[in-house]
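> structure for the following, please:
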Amino acid sequence: MACSEKQVMVVGIDDSEHSSYALGWTLDHFFVPCTSNPTFKLVVVHAKPIPTYAVGLAGPGINVGAAEVLPMVEADLKKIAARVVEKAKELCINKSVNDVTVEVVEGDGRNVLCEAVERHHASILVVGSHGYGAIKRAVLGSVSDYCAHHAHCTVMIVKRPKIKH
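This next block holds a predicted model:
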């Protein structure tokens, strides 16, 4: 890799506060201090669930034909993706980080992020932590756990500080 070529940092985002926090934290620590010449090229990736998978998550008991439900689910997923991307772009603009690539890729977050690392030859992948307990993580599967074991780069998991009451 040439010295002038910047390393790539991929940040995975979804519609959670945890992912917004992780993106903000990353911008504050890696991009804001050196906005004129950041060390990394920033790529923000949102994994848009596949509609059939999203409907499957709803579980049985919904007695409506999949053909009727899928277009509505797809429309919702597109709206969510647009909102997630808009929020990420706003966060970057508010912190004067303008050189950012934002992608929406359809699929499971675990695979989408690992593939983005390969595609962009990323040296760091940043993901937020939802802070699920062991049981929820075992049932839902943790994107951060999966990426930590399968992404071919350093994986940084940004945890949101617990709010003290």
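
> what stretches of the protein score poorly on pLDDT?
Low-confidence segments of the chain (pLDDT under 70): 1-4, 35, 53-67, 131-141, 164-165.

> in it, which spans are helices?
Taking DSSP state H, the helices of the chain run over residues 17-26, 51-58, 66-94, 109-120, 134-140, 143-150.

> need those helices in JSON lines with distance to V45, can you?
In this view, the C-beta of every residue, glycine as well, is placed from N, C-alpha and C. Output for these, formatted as JSON lines (distance: least, C-beta to C-beta, whole Å):
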{"stretch": "helix 17-26", "distance to V45": "11"}
{"stretch": "helix 51-58", "distance to V45": "18"}
{"stretch": "helix 66-94", "distance to V45": "10"}
{"stretch": "helix 109-120", "distance to V45": "5"}
{"stretch": "helix 134-140", "distance to V45": "19"}
{"stretch": "helix 143-150", "distance to V45": "11"}
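
> dump those helices into JSON lines; add distance to G128 and mean neighbour count as well.
Compiled in JSON lines, the helices of the chain are given as follows (distance: least, C-beta to C-beta, whole Å; neighbours: other C-beta atoms under 10 Å):
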{"stretch": "helix 17-26", "distance to G128": "3", "mean neighbour count": "20"}
{"stretch": "helix 51-58", "distance to G128": "20", "mean neighbour count": "14"}
{"stretch": "helix 66-94", "distance to G128": "12", "mean neighbour count": "14"}
{"stretch": "helix 109-120", "distance to G128": "11", "mean neighbour count": "20"}
{"stretch": "helix 134-140", "distance to G128": "14", "mean neighbour count": "10"}
{"stretch": "helix 143-150", "distance to G128": "8", "mean neighbour count": "18"}
